[in-house]
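# Fold the following for me, if possible:
(chains A and B)
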There are 2 protein chains.
Amino acid sequence: MTNSKYDELKFFFEPESVAVIGASRHPLKFGHFLLKNLVDLGFKGKIHAVNPNADQVLGLKAYPRIGLIEGKVDLAIIIVPASKVPQVMRDCSDKHVRGAVICSSGFRETGQKGQILEEEVLTIAKKAGMRVIGPNTTGILNTSNSFTTSFAPLPKWKKGNVAFVAQTGLFAAAAFWWIVSKQPFGISKIVGLGNKCDVDDAEILEYLAEDEETKVIAIYMEGVKDGRRLFEVFKKVTKKKPIIILKSGRTPAGMKASMSHTGSMAVKDEIFDAVCKQTGVIRVSGDLEELLDITKAFALQPLPNGNRVAVITVSGAGGVMTADECTKQGLELAPLSDETLNRIRVNMPAWAAISNPVDIEPLFEVVGPEDSIRIALNAALQDQNVDSAIVLFIAVPRFIPIFDMKIILRRIMEGHYKPKPVVTHLIGFKETVDLYTTQLEEESIPVYSSVERCAKALGSLWKYMQYQMRDK
Amino acid sequence: MTNSKYDELKFFFEPESVAVIGASRHPLKFGHFLLKNLVDLGFKGKIHAVNPNADQVLGLKAYPRIGLIEGKVDLAIIIVPASKVPQVMRDCSDKHVRGAVICSSGFRETGQKGQILEEEVLTIAKKAGMRVIGPNTTGILNTSNSFTTSFAPLPKWKKGNVAFVAQTGLFAAAAFWWIVSKQPFGISKIVGLGNKCDVDDAEILEYLAEDEETKVIAIYMEGVKDGRRLFEVFKKVTKKKPIIILKSGRTPAGMKASMSHTGSMAVKDEIFDAVCKQTGVIRVSGDLEELLDITKAFALQPLPNGNRVAVITVSGAGGVMTADECTKQGLELAPLSDETLNRIRVNMPAWAAISNPVDIEPLFEVVGPEDSIRIALNAALQDQNVDSAIVLFIAVPRFIPIFDMKIILRRIMEGHYKPKPVVTHLIGFKETVDLYTTQLEEESIPVYSSVERCAKALGSLWKYMQYQMRDK
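Predicted coordinates:
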């Protein structure tokens, strides 16, 4: 028997048999939503409903207590009022359940009384050798086997390589909808950890490090339970895959708000920052938007081998701003080779000067937009002095004809033996910008809403790559 | 005769008679686009076409030279090859034209030869007492009289209170499309200054300060011509209306790129920063996205009387992040009065704790989303301890019923004797988020794509207000 964290926590994500304790017939109760999610998704494991006041819930036989279920139960999903949770946990213990996801709220986050209740629950679990996720959360979603413990309605998802871990359920649910309806990357796992009375970020990170379906881990944290352990886990996990982290409670006001939200323990922000830097964790300075921006780059693009960026731009102003933003992110404008400059120059009008940023507006007048992008980006990506590229495009209807971005990019990307990351930014007529965005992101080229975000994305890939190189 | 900058430059925006020199019959030439724009927009002033090789362009009589036009011409719009511009300028001088917008490129931005040409043009203008905007630009758009010198296709615009000034034409055009198709605010004037051989940012700012249609000035700058004068103008203009500035060329790489883009003179970034702080100019740290974000707040919302923010949130995590971001922007979480807390508490379930951020999720369970927002935001905005509010909302279909944001907000805003700024952030299902965004922004409530942006927007309003207060 191996004793890895993966094997230890696997039953939370791939249980063979689950019991929903608090499964409700009432269509507006969380206990109804939860069971309905599981049933509707077509989860293939055994699903049991536990409800002392019903014979059936959603067509499933309902048991008054978990103890009455025939056969083993791996995982209990608990969604009863907080005061009833200790008794339910004792029942689970008697049934030799391996662990529980406690969705109910009303614990540490509500004050001292709730804290005592939470401690009681934990004591029962410890004594029985049960593991607990929560309380106060939506828990788990595993996209590969359609298993969930969430009572929030779930969107139609796209399977993918990103695991998203959040402290709280509602935020995890909303973020999940946001990701699914807005982001080009797919999801492997969603984990809402809630109050983290037992299983915490560190353990989940260890699990996800070994999860073959997960390539990138994005995580929202408020508090830190065991800093030393988290440090060790960060170090171990980032050797295998990138961790992008959004840590709030940075300021006294944020810490105070966090305290009443999840009862999180505060950690000095400078210390947490230093920990991230030392362990190769990418910490975002902004909020969810930036977390997803950076995650998108890791999910869709390769890592760069250096910090030299080629900027291909239709707008001179965009080129200047990008040069600034690259510098801010520790990136350099690549010194393009003479061969590259010549490959672009032969197509340019005589008066045009070429350097990096490559202003392709003069090329437009000669060869049109499609070939302008193709010629310049091709030349740049094949240049040994170039490690990555930022493409800035402008969509002004009737001025620049609409074309198929997808075809151009596919042709360019096929031509490169060594993959280099490419990110883009577009402005202009929203409808055209949206069209190009879809086309680009379907080809796994991330589009950002500003050049600042482009540079931050590349800068983060480079930061992670530097850590990998340093470590070798 | 008054001698204000407004009167001096007014003919650029409200000419009674213009000549398009280089008006072309060829449907793909800039000189064609330009004249077509003017004709299609229905500009009521006299429009003359100048083209030595045509009798008519777009149904207008074409003159071989400007000198042959009967009657006076206020403004020449020049779109001929750079080498021909000096002769055209001499012709304009003979015709006693008051000034010219030179759209042609091929001047200082292309190197030494171009610089000499530009100096020649300026010498002719100075001698004749003519004013020049450009070269290398799309020039002017005045939405109130449908006058333009732009050769870029123009979107259907919304008249409004924001003037947008940019150094370069293509960027101004793309940004204009971007604003019109994405932003809830309307535009009063667009100015692309190009190489600024004569009229510069300082003069345009003075003009816009007196322009009654302009309430907010957003400006993109690369270089500074006369720092001392700009300082004085900044000081003067910000007394009347806010200036939001995006200044690139911050880093050595950016300065170099700017040099080959518009031949702009570099200025030390720290000095420019200090100038903005001293003169009450709001300088954005990001790029166009942030410039428009901040501009939107000034265009749609009143200024706050203090830095105390009420945060109304459906997501606890959002509340924590907002507390952090407010602190970063010099804002404080408002200490809500007992009356306010009670007004919210009476509707809450007993177990819920209330503070600021106000987590309205528990309210949802009792009174539903519409009344939750109404009760909490109303109470907060009527609280004397509150200067502004941030509302965070989550759109999770089937979980939170869809409702009309517009009606709620209209009802709330009507209830307030003293207007206080309100900004919002939404996440969740994109379709619902987009719906709410439209509803909110139609009621002049700005929606931002992150809590960071909400806080930056309020922070900027507060910064400007502080400057106004200090100055009194």
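# list the contacts for residue A:34?
Residues near residue A:34 by C-beta atoms under 8 Å, 6 or more residues apart in numbering or on different chains: A:20, A:22-23, A:77, A:79, A:103, A:149-151. (Glycine included, C-beta is placed from N, CA and C.)
# phi, psi of it?
In terms of degrees, to the nearest 10, the main-chain angles of residue A:34 are phi -60, psi -50.
# Likewise for residue A:357?
According to degrees, to the nearest 10, residue A:357 has phi -60, psi 140.
# Quick one: residues contacting the spatially closest residue to it that is not a sequence neighbour.
Counting by C-beta to C-beta, 6 or more residues apart in numbering or on different chains, residue A:357 lies nearest to residue A:319, which is 3.1 Å off, once chain neighbours are set aside. Neighbouring residues of residue A:319 by C-beta under 8 Å, 6+ apart: A:311, A:313, A:357-359, A:392, B:257, B:261.
# so which residue of the stretch 1-150 of chain A comes closest to chain B?
The stretch 1-150 of chain A approaches chain B most closely through residue A:110 (5.6 Å), counting by C-beta to the nearest C-beta.
# so that residue makes contact with residue B:353?
Yes: if you go by C-beta atoms under 8 Å, residue A:110 and residue B:353 touch, sitting 6.5 Å apart.
# Can you pick out the residue with more neighbours from these two?
residue A:110 (19 against 13; other C-beta atoms under 10 Å in any protein chain shown).
# In contact with the residue nearest to that one when sequence neighbours are not counted, which residues?
With sequence-adjacent residues excluded and distances taken as C-beta to C-beta, 6+ apart, residue A:110 is closest to residue B:351, at 5.6 Å. With contact taken as C-beta under 8 Å, 6+ apart, residue B:351 is in contact with A:106, A:110, B:362.
# helix, strand or coil for residue B:351?
What DSSP: H, G, I helix; E, B strand; the rest coil gives for residue B:351 is coil.
# Tell me how far it lies from residue B:342.
Using C-beta to C-beta, to the nearest Å, residue B:351 is found at 17 Å from residue B:342.
# Over to residue A:26?
In terms of C-beta to C-beta, residue A:26 sits 31 Å off from residue B:342.
# go on, residue A:98?
Residue A:98 is 46 Å from residue B:342, by C-beta to C-beta.
# ok, now residue A:283?
Taking C-beta to C-beta, one finds residue A:283 at 40 Å from residue B:342.
# Which residue of the two possesses the greater neighbour count?
The residue with more neighbours, out of residue A:283 and residue B:342, is residue A:283; 19 against 12, by other C-beta under 10 Å.
# Checking the closest residue to that one other than its chain neighbours next. Helix, strand or coil?
In this structure, residue A:283 finds its nearest non-sequential neighbour in residue A:276, 4.2 Å apart by C-beta to C-beta, 6+ apart. Three-state assignment for residue A:276 (three-state DSSP): helix.
# wait, residue A:276 sits on residue A:245?
Yes: counting by C-beta under 8 Å, residue A:276 does reach residue A:245; the two are 6.6 Å apart.
# what do the two both touch?
A:282-283.
# Could you check the pLDDT of the residue of chain A most remote from its centre?
Relative to the centre of chain A, the most outlying C-alpha is that of residue A:350, 47.5 Å out, by C-alpha atoms, centre = their mean. Looking at residue A:350, its pLDDT stands at 76.
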